[in-house]
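**Q** Next one to model:
(2 chains)
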Amino acid sequence: MEGKTTYPQQATALRQTGHVMLKGRPCKITAITTTTEGKHGSSKVAIFGVDLFTGDKYEVIVPSTHDCDVPNVKHIEYTLIDIQDGFRMRLMDENGDMKEDLKVPEGDLRNEIQSRFDNGDELTITVLSACGEEKVFAIKKIAKKD
Amino acid sequence: MAGLSSAAVQLQPTQLDGQSVDPNLLQKLEEASNTILASPSADQRHAAEQFLLDFRKTKTPYTICCCLMEQTRNDYVIFQCACTLKEAILREWTQQSPQNIHTLKDFLMQFVLNRPSLAVYVREEIVLTVAVIVKRGTLGTSADDRNHFISQLTKLIHADNGAARVVGLSTLAALLTEYGGNGKGTDFGLSWEFHLRCKKVFEDKELLTVFMVLLEALQQLAGLDSVPADWETLALIAKLLALAEQILTWRFSLPLLQKRFLSDLSEARWNSPFRPPNQWRELVVGRGLVIHLFKLYGHVQTHAELAHTCLQCLLQLVSTTGDIFPDHKTRADFLSPFMAGFLHLTQRNTLAEYEVLGVATLACRLLTVFPSKHLGQVSSEQLQAFLTRTCQLTCSFSYLAMHQKAAEEESLYDEGLEQLLQMWTALWDSRDSFPPAAQLCQTYTPEIFQTYLQSHLSAADGTAGQAGSSDDMEEIRSEDEDDRERYSAQLCCVGLLGRMVPSHAMSQLTRLLCERTSQLQLELKNSAGSQEQMNRLYRLYDDLHWLLLIAGHFLADQSEGEVPVIPSELMEHSIAQSQMGVSEVGATQTEMVCSLHIDRMSQTSNDKCDDIVRLVSKVFKLSELERYAVQAQLDPLLSPELSRDIVWFFQRWARPYLLMQEKHYPQVSLPLACAFGQGSDSASLAVQTLVNKVVSNFQVWTSEGEVTEDTVQLFLTLTENRDRCLEVVKCEKLWFLAMQQFSEPFVLLAANCRRHLMKAVLFAASAMSAEVRARYWTQTMQPLHDRFQAMAQRRVSGGHDGLLQVRNLLELLCGVAEASRVDNTSLVFSTIYPRLRDSVRLLDTFHNYPEIVVLVLDAFKETITRQLCYLSQADSLKLYEVTIQLIQSYARHHGRHRFTVDASAEEDDFNDLMLLLEMLTQLTNKDFVDFGATDDPGAGEPAVVPADVVFCGLDFVVPLMNAELLKFPSLCLQYFKLVSFLCEVYPERVPQLPQQLFSNIMASLQLGLSSDYGEDVQKLCLDTLECLAIHCVKSESTTGQAYIALQHFVQVVLDMLVLQPLNPDLLDVLGETFYALICCHQAQYTQLVHQLVRSQTDTSTAERLAAAFQRLTPPDIPLNMEKTHRSRFEERLQTFVMDVRSILTVR
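**A** Prediction:
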């Protein structure tokens, strides 16, 4: 983790595809709408988001001048070296450093990883990290071993 | 009808096909029925349903069912028996003797008459079975049988017995539904041709009789002084009206409307006008049908549903058209009782809310359906009375629409008001063919305009609710309730209405604007900020809001794509004023200039000022007042909504008026030209004032996204037009706007707004001298260059300062790309090209950040869309190369096999793919449209052509487009657009694609045709196939993968033409594609025809089918791509499809 985990940004500058902290949780923004307080009042921003890690949904309304906290979301790519004990992944980053504290994720992604790994595909695992939490975000196949 | 009992039903009584009738059948049926009706457990329900389903399949169930119906008292069992009979008789029709069928029909009729207490659903099912029997026999029996049956029904309807009448009417209604053939009838399992022929027979013979019966019944009812409000009578009227509606919406078979006919059996999509044959004239026009309906309406108006159906009948009847009117006189005669009826109907003081829309639509249709040039045939007293009444209604709806608002979201009064306003504008538009219309409109519109204004203003001048109080302040309003959008149709009409009486409208608007502005000034001067004052301010803002919206719509139209012009009514008014000496140039100019100086604002209005200029000058005063209030830091008291309205008004007004083009008008008003025209000081001053306003709004309303967006739109309006831009570049503030884009408050603006601001700022450069422009351009772009370079050198890796900055830079880069125009192509390209190269590197670094990826793709797409067709060959080459790098980089990071889409994915998640597809599609345009210079004519073929880039992208993108992704509509459409473009532009290259890629594309075409992606996608797929097939034919290719792949599609397209449900709008393109395909694969076509013909079990059908194919492609006409052959084929195809479908379609 380098530097702060969040940084401020004015509510109007938030984007549909971006991230924001809602109720203290790092969220992906799913929708932003503008409302006003009375017809001639100043505008407010309604932010709808889904928790990056738990999938919980949140909705928050703030004045448009309000500074929102935006989580510092990173995507880091690793090469999948091995799967130990059927669930612990051995990952290697681009500098060759190893990372062994991530489990194979649950659900469809697990089957996908396992079957591709068994198939001998060389897989890149993208890990998303924010506010000290991590999760597997996407996988990509580099090339199939013949 | 002879007295019948089950004993008389001798339907092959002895041949129960060896089935033994279960003696306990009735008991079992009753048990099963009771189970189903008594909310059973799942298992019980299943068992009972299964038992009933098995019963429904009983062979020759006639005797059994009739016995059961007589014996049981259980309605549900009777219902099941009726269903069983209906299904059996259709299944076994040919095995039954006419006598048996006749007996069954009579039995059912008698049964239903003898049991008046049957549940409605049972009665309806039985008469439906009767109707099915009658229709099934249409072609086999003589007309006498049907005549006899109908006359029996007639007797029932005229009977004294209410229950019998209801049975008679129900049966008629069932007959109409069955014969009407609009997809609502029973499934007969017979060819379409059968249904069409039955319909025609019924229409020619019985429909008229039914109509007469109905007419008599209506007449009878209408003749009564009052209708007893008992349940039975109301049910009867409901039946009668429903029947009338069925007849009035009947689609008569017209030989000339084959295409409409094709869609007939699929489903009735909307009500078409009532177009009866001329034999009906006497009945429709001559016998007081309209009068009866109106009288009946009087009887039922207190019953919402009956009143609604009755109004629907009237609305459908007023649409009557066609041969039935031999001349205008007949038409006018037809219209007259309508007007009288309308006047009578609306005599009452108030209409119920459920009547509002119907009545308003009736008024609107009366004037819009009737050709205006014959309005003169209507007696002028009647027309005047009608208009007086509609004027009253318009005013009352306008009032009620505002006052009902609190109660309901979508008020019916709003919809009714819209209809009536449209009626008035339609009347105004007919003044060329019916000159008195102008005078009539001018008589009535002042009142309407006035009432509309008052309905929207708070007390003192208006009647709008006093609710502008603190209660409302609490309410959170969401953006889709924007008045400008929500009332756009109403406001457009009211604007038009105002132009009919410009003098009146302008004096009202000007006076009110002036008063409200003074009040606002006073309030702001003594600002206390108390709740009470806020309430007063709130009401003032709302008044000003509506005044500006109405004034904006009054002064100018929204014009997209057209040259914006001053409405002729207003130009003429201004000219007339000046010619009569009411307005003078000097006074007009002074007024305009005064409004632009706050210190001269208090000067009293000049009497000799032009009306339009005076109105506009009041808005300038209001705008300047707002700006000074901001400077005095009163912005917490101000309304962002009003700020939006002010800049919106200016934008709408500026397009036609500010620095107006005199050449667009046959005659120009001098005062107007002197105040707003080219070379006038006040116009130049106005531009400066507006630019200052733009800057001020950005500073004050930074966080109000909607205000800044409207503001930047005004700025774009000023800079995108050269004449206005020449004035803009004289403003100092322009340089401020251009240079400060990286400082506050501009960095805080919403992303879209920044993008548009960049665009507007660059547009401004086009009006500068070369030397100034160079300096301006460098100074504007330098900060962007520097930051890009810093970014490239630092090689930022994902930190969020970097992320934020990259996002902003790319957003501005998109703005630069959007600023491309023909007059600045090379300048923009030389600016943007190095940055695009940087962007490819940024994509590399930030490939895991979808928002960045999307912005990079967007910048490329915008550049290619707006620049490519103007670029020289050398520059194009550069752009191709960097685009290939982009695609390669994107492909490298996104892999050939993206992980399967997760279920929660939304279309927005695939914006990157969408942009990539759009970009590739745009690239192919270079081969359509190219204005770029060739640098060196001797240079020969360029090293890279657009096709290379497109195919490079295609190679990557096609494997991604699986069925999952194609479910997203816009992604799907864009993909097929790209494929069809490619095949159209590069038909010779597509067949040369690598085998895997090519077969992927062909598979996606198959998917596109067979899936439910919609008409547009199917059309694109067919176009694609056609292009490929034409290429094969022209190049005489009989090998190659394209040729081989196309073979399969001959059958696919043939099936679409003759077997699958047909969308008539696709017929043309299906025909073209089919022709190209069979030219390409003649042997395959012949073989398919044989197959189809051979597969018919019925020999006569097979013969007719073969003959139809013979006529479509006669052996002596060669199948080739010659134009005459193609077009003749398409003519023959329509008949062919009609013929074959009526044989093969089964329903």
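**Q** Not counting sequence-adjacent ones, nearest residue to B:Val854?
**A** For B:Val854, ignoring the flanking residues on the chain, the nearest one in space by Cβ to Cβ, 6 or more residues apart in numbering or on different chains is B:Asn911 at 4.9 Å. The C-beta positions use only the backbone N, C-alpha and C, and glycine is treated the same way.
**Q** Can you verify the one you found is assigned to a strand?
**A** No. Read with DSSP: H, G, I helix; E, B strand; the rest coil, B:Asn911 is helix and lies in no strand.
**Q** For B:Leu714, what are phi and psi?
**A** When read as degrees, to the nearest 10, the backbone of B:Leu714 gives phi -60, psi -40.
**Q** okay, the spatially most distant residue from the centre of chain A: pLDDT?
**A** Relative to the centre of chain A, the most outlying C-alpha is that of A:His40, 37.7 Å out, by Cα atoms, centre = their mean. The model reports A:His40 with a pLDDT of 84.
**Q** what's the answer for B:Thr94, then?
**A** 86.
**Q** which residue ranges form the strands in chain B?
**A** Ranges of strands within chain B are B:476-478, based on DSSP state E.
**Q** which one's the longest helix in it?
**A** Ranked by number of residues, the top helix in chain B under DSSP state H is helix B:192-223.
**Q** May I see the buried residues of that one?
**A** B:192-196, B:198-199, B:201-203, B:206-211, B:213-215, B:217-219, B:221-222 (16 or more other Cβ atoms under 10 Å in any protein chain shown).
**Q** before we move on, back to that, count of residues packed around the residue nearest to B:Val854?
**A** 20 (other Cβ atoms under 10 Å in any protein chain shown).
**Q** Please look at it and B:Ile852 and confirm they touch.
**A** No. Using Cβ atoms under 8 Å as the test, B:Asn911 is too far from B:Ile852 to be in contact (11.9 Å).
**Q** is it true that A:Met89 lies in a strand?
**A** Yes. Using three-state DSSP, the secondary structure at A:Met89 is a strand.
**Q** wait, it sits on A:Asp82?
**A** Yes. Assessed by Cβ under 8 Å, A:Met89 is found in contact with A:Asp82 at 7.5 Å.
**Q** Chain A: helices as residue ranges?
**A** Using DSSP H, helices in chain A cover A:108-118.
**Q** so where do the strands sit in it?
**A** Under DSSP E, chain A gives strands at A:6-10, A:19-22, A:25-37, A:43-51, A:57-63, A:67-71, A:74-84, A:88-92, A:98-103, A:121-130, A:133-144.
**Q** Out of these, which gets nearest to B:Val166?
**A** strand A:25-37 (53.2 Å; Cβ to Cβ).
**Q** Please point out which parts of that closest one sit buried.
**A** So strand A:25-37, judged by 16+ other Cβ under 10 Å, has buried residues A:25-30, A:32, A:34-37.
**Q** Can you tell me which residues in the stretch 1001-1147 of chain B are near chain A?
**A** Residues of the stretch 1001-1147 of chain B lying near chain A by Cβ under 8 Å from any Cβ of the partner chain: none.
**Q** Could I get the contacting residues of the residue in the stretch 601-750 of chain B positioned nearest to chain A?
**A** The minimum distance from the stretch 601-750 of chain B to chain A, using Cβ to the nearest Cβ, falls at B:Ser639 (3.6 Å). By Cβ atoms under 8 Å, 6 or more residues apart in numbering or on different chains, the contact set of B:Ser639 is A:40-41, B:537-538, B:541, B:545.
**Q** Which members of those residues are the farthest-apart pair?
**A** So, these by Cβ to Cβ: farthest apart are A:Gly41 and B:His545, at 13.0 Å.
**Q** Could you tell me the phi and psi values at B:Thr1145?
**A** phi -70, psi 130.
**Q** Repeat that for A:Gly41.
**A** Taking degrees, to the nearest 10 as the convention, A:Gly41 sits at phi -80, psi 180.
**Q** how much space between it and B:Phe325?
**A** 58 Å (Cβ to Cβ, to the nearest Å).
**Q** try B:Glu245
**A** Distance of B:Glu245 to B:Phe325, given as Cβ to Cβ: 22 Å.
**Q** before we move on, what about B:Ser684?
**A** From B:Ser684 to B:Phe325 the distance is 59 Å (Cβ to Cβ).
**Q** any weak-confidence spans in chain B?
**A** Per-residue confidence for chain B (pLDDT under 70) gives these ranges: B:1-21, B:182-183, B:254-271, B:405-410, B:459-481, B:598-605, B:794-801, B:895-908, B:933-943, B:1147.
**Q** hey, C-alpha coordinates of stretch B:145-160 in PDB?
**A** Taking C-alpha atoms only, stretch B:145-160 is exported to PDB below (Å, rounded to 0.1, in the frame of the first residue of the first chain):
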ATOM      1  CA  ASP B 145     -77.500 -21.500 -43.900                       C
ATOM      2  CA  ARG B 146     -75.500 -18.600 -42.600                       C
ATOM      3  CA  ASN B 147     -78.200 -16.200 -43.500                       C
ATOM      4  CA  HIS B 148     -80.700 -18.300 -41.600                       C
ATOM      5  CA  PHE B 149     -78.400 -18.400 -38.600                       C
ATOM      6  CA  ILE B 150     -77.800 -14.700 -38.600                       C
ATOM      7  CA  SER B 151     -81.500 -14.000 -38.900                       C
ATOM      8  CA  GLN B 152     -82.100 -16.300 -35.900                       C
ATOM      9  CA  LEU B 153     -79.600 -14.200 -34.000                       C
ATOM     10  CA  THR B 154     -81.300 -11.100 -35.200                       C
ATOM     11  CA  LYS B 155     -84.600 -12.300 -33.700                       C
ATOM     12  CA  LEU B 156     -82.800 -13.000 -30.500                       C
ATOM     13  CA  ILE B 157     -81.500  -9.500 -30.400                       C
ATOM     14  CA  HIS B 158     -84.900  -8.000 -31.000                       C
ATOM     15  CA  ALA B 159     -86.500 -10.300 -28.500                       C
ATOM     16  CA  ASP B 160     -88.100  -9.000 -25.400                       C
END
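**Q** B:Asn1120 is in contact with B:Cys1079, isn't it?
**A** Yes. In this structure, B:Asn1120 is within contact of B:Cys1079 by Cβ under 8 Å, at 6.1 Å.
**Q** out of those two, which sits in the busier spot?
**A** A count of neighbours by other Cβ under 10 Å puts B:Cys1079 above the other of B:Asn1120 and B:Cys1079, at 22 against 12.
**Q** any idea how far B:His1031 is from that one?
**A** B:Cys1079 is 11 Å from B:His1031, by Cβ to Cβ.
**Q** can you check B:Arg1128 too?
**A** In terms of Cβ to Cβ, B:Arg1128 sits 22 Å off from B:His1031.
**Q** Which of those two has more residues huddled nearby?
**A** B:His1031 (22 against 12).
**Q** surely that one meets B:Pro991?
**A** Yes. Shown here, B:His1031 and B:Pro991 form a contact pair, counting by Cβ under 8 Å, at 7.2 Å.
**Q** Could you pull out the residues contacting both of these two?
**A** Taking Cβ under 8 Å, 6+ apart as the criterion, B:His1031 and B:Pro991 both touch B:1037, B:1042.
**Q** Just give me the neighbour total for the nearest residue to B:Pro116 once chain neighbours are set aside.
**A** With sequence-adjacent residues excluded and distances taken as Cβ to Cβ, 6+ apart, B:Pro116 is closest to B:Ala163, at 3.7 Å. Number of residues near B:Ala163 (other Cβ under 10 Å) recorded here: 19.
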